[in-house]
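# Pasting the sequence and the predicted coordinates here, then a few questions.
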Amino acid sequence: MTLKRFSLLLLSSLLLTITMLLVSIYYFFYLPGIKTEVLDQQQQEYNLLYSALSLSKNSLTTLCYDYAVWDELVEYVGNPTDDFVQSNMPNNAFEAANIDAVFVIDTNNKLIWDYQDDSLKSSRSSLVHLFHQQNTESFAILPTAAEIASQTVSSRSGYLVFDGALIYFSNTTILPSTGHGEIAGSLTMVRLVDKALINDISQFSLVKFSIEDAQTSTKNMQEFFSLKKIETIAPSHNWLIRNTFDDQVVQVTLHHKKVSLPQLDWASAISILLSIVLIVSLSLMALSRLLIKPLIRFNKSINDSSDDNFISKMASNHFIDELENVSYSFNQLLLKFNAQQNYLETLTVQDSLTGITNRRGLEAFTKRIIARWHLENVGFSVMMIDVDNFKYFNDKQGHLKGDDALTAVATSLLEVMAQYDGLAARYGGEEFCIILADNHHQNILNVAEEIRESIEKLHISNNIDDRDWLTVSIGVVVVDDKLADVEKYNFSDVLQHADEQLYLAKQAGRNTVRVAKFGD
Ligand SMILES: Nc1nc2c(ncn2[C@@H]2O[C@H](COP(=O)(O)OP(=O)(O)OP(=O)(O)O)[C@@H](O)[C@H]2O)c(=O)[nH]1
């Protein structure tokens, strides 16, 4: 698998993983959290409504008891006076306490005094009638005759429907404040659960609710006045409130503020997905630019090198440190490799003893000269240089000294040739060859003489014949420009001619130069 494909695969799986992670977070963490939060809120709203409705019930019951168990009221039932009413039962006190009706009844169930709010005034007789009517043995609202006779203290409260409206009543036997003694009658207080009260409770509890007639489908509806746990999220929840005779009277509907779970917003989801795709694409581009492309270039430069044997340096200044290190190490390796290569190449064209170019190097150099000669008919010169009586030298002074002498001769040749356009090489054994671009007869003769003299001036001890120093004989051939039928000749012909001149130089007594024109 290519690196490009691998990174594409890697980033695709990254894209998939991020998407799945986001979806999982949404469904397994975010949504359940929100669900619990909404359920908690709905439960709190129910608890608040429960407390508020209970408070409105309980406060009436407490107030009724406080008034009923009171010596002055006992006295008043026995001897009703306007003074008592004016100073102790003012209408505005009941209005302030949200009490819509108050009835003081003696032990004979005779109405002694009553207060009714305007909303109930028109139904005054019917309300009292209702109390009496409902007062049976099984469902009593007022103390029964038997209870009065047996002086049984009673306290009753509950819901009733009156003229289609829900009322809450509380009835307590009138007793002296000690809580003992003869029952003087009973006190009934009524609170109308009308729109005004519902509004008050709504404002007080900050919960919106309504109370309506119980619908027909109340079979599975639960009782309101037993603290409930809300199990499901819904826009509203319903409960029943029964009247004191256990009839299903009204249903309470709590309208929740937070009613639904957040829906998946497709526009947001798509924009998140697009953002992820964008981020992943940018990452891919960055990865490609910073890592993949340099590696591909790196690979290409190595591959290309196998075709032309030339390895180019790897580009540096990479953003990724490791890549920079690889590039640096590779370039260092390349430097070492090139140095080795150069060294090996030098070895193939360098004479190991004298250090100057060997015969192979000479042939490589000659190719260019010969090419120009054949193609453009440009002339040149060749010198064959042979150390005189070298066998004798070796025999007398030893082979090692002979090697040193050859090295000294080669070095001297190099020094002289440094001034001229040409190449000095060891041709083999004690024989050297020089190729010069110049083909001016006199110039070449001068160069050859300079070489001959420079060797003699090395003063390498020889002691042969009458000569003290080691010398060389030189055979020179000058190849003129514009030679006729140049294509007929090759380099070996030139060398052979130079060799002939060398032979003549030896014949002439050695330590001498012989020059001839090629072709003569
Ligand atoms: N020390 C040493 N001797 C070498 C080397 N190569 C060739 N020789 C010697 O060079 C000598 C050449 O001897 P000859 O060919 O007889 O020629 P010469 O003695 O120089 O006589 P002329 O050329 O006629 O002056 C031989 O004894 C070779 O052994 C070398 O690399 N080192």
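Received the coordinates, thanks. Numbers count the residues shown, from 1 in each chain.

# And the residue of the stretch 351-500 of the chain that's closest to the ligand?
Of all residues in the stretch 351-500 of the chain, residue 402 sits closest to the ligand, with a separation of 2.5 Å (CB to the nearest ligand atom). Heads up, the C-betas are built off the backbone N, CA and C, glycines and all.

# Equivalent analysis for the stretch 151-300 of the chain, please.
Scanning the stretch 151-300 of the chain for proximity to the ligand using CB to the nearest ligand atom identifies residue 298 as nearest, at 47.7 Å.

# ok, back up a step: burial count for the closest residue to the residue of the stretch 351-500 of the chain closest to the ligand other than its chain neighbours?
In space, not counting the residues next to it along the chain, residue 402 is nearest to residue 394; the distance is 4.3 Å by CB to CB, 6 or more residues apart in numbering. Residue 394 is surrounded by 16 other residues when neighbours are defined as other CB atoms under 10 Å.

# again with residue 452
Neighbour count for residue 452, taken as other CB under 10 Å: 21.

# residue contacts, it?
For residue 452, the contacting residues are 471, 472, 474, 511, 512, 513, by CB atoms under 8 Å, 6 or more residues apart in numbering.

# Quick one: list the elements packing against the helix or strand where the residue of the stretch 151-300 of the chain closest to the ligand lies.
Mapping residue 298 onto the secondary structure by DSSP states H and E places it in helix 293-308. In this structure, helix 293-308 packs against helix 3-24, helix 321-349, with contacts taken as 3 or more CB pairs under 8 Å, 6 or more residues apart in numbering; DSSP states H and E.

# ok now the last one, how far from the chain's centre?
Centroid displacement of helix 321-349 relative to its chain, using CA atoms, centre = their mean, to the nearest Å, is 39 Å.

# please renumber so the chain begins at 37
Sounds good: first residue 37 from here, last item helix 357-385.

# pLDDT (mean, whole number) over it?
When pLDDT is averaged over helix 357-385, the result is 82.

# Please apply the same query to the first one.
Helix 39-60 shows an average pLDDT of 82 in the prediction.

# so residue 293, which of the three states?
State at residue 293, reduced to three classes by DSSP: H, G, I helix; E, B strand; the rest coil: coil.

# do residue 455 as well
On the three-state scheme (three-state DSSP), residue 455 is labelled coil.

# what does the stretch 437-556 of the chain put close to the ligand?
438, 439, 442, 465, 466, 542, 546 (CB under 6 Å from any ligand atom).

# got a winner among those for most neighbours?
When neighbours are counted by other CB under 10 Å, residue 442 leads those with 22 neighbours.

# Find the least confident helix or strand in the protein, judged by mean pLDDT.
Lowest by mean pLDDT, DSSP states H and E among the helices and strands of the chain is helix 160-170, with a mean of 68.

# Pull stretch 109-121 out as PDB, backbone CA atoms only.
What follows is stretch 109-121, C-alpha atoms only, in PDB (Å, rounded to 0.1, in the frame of the first residue of the first chain):
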ATOM      1  CA  LEU A 109     -66.800  32.600  70.000                       C
ATOM      2  CA  VAL A 110     -68.300  30.100  72.400                       C
ATOM      3  CA  GLU A 111     -69.800  33.100  74.200                       C
ATOM      4  CA  TYR A 112     -71.000  34.600  71.000                       C
ATOM      5  CA  VAL A 113     -72.900  31.500  69.900                       C
ATOM      6  CA  GLY A 114     -74.700  31.500  73.300                       C
ATOM      7  CA  ASN A 115     -75.400  35.200  73.100                       C
ATOM      8  CA  PRO A 116     -74.800  36.700  69.600                       C
ATOM      9  CA  THR A 117     -74.000  40.400  69.600                       C
ATOM     10  CA  ASP A 118     -73.100  42.800  66.800                       C
ATOM     11  CA  ASP A 119     -70.200  44.200  68.900                       C
ATOM     12  CA  PHE A 120     -68.500  40.800  68.800                       C
ATOM     13  CA  VAL A 121     -68.900  40.600  65.000                       C
END
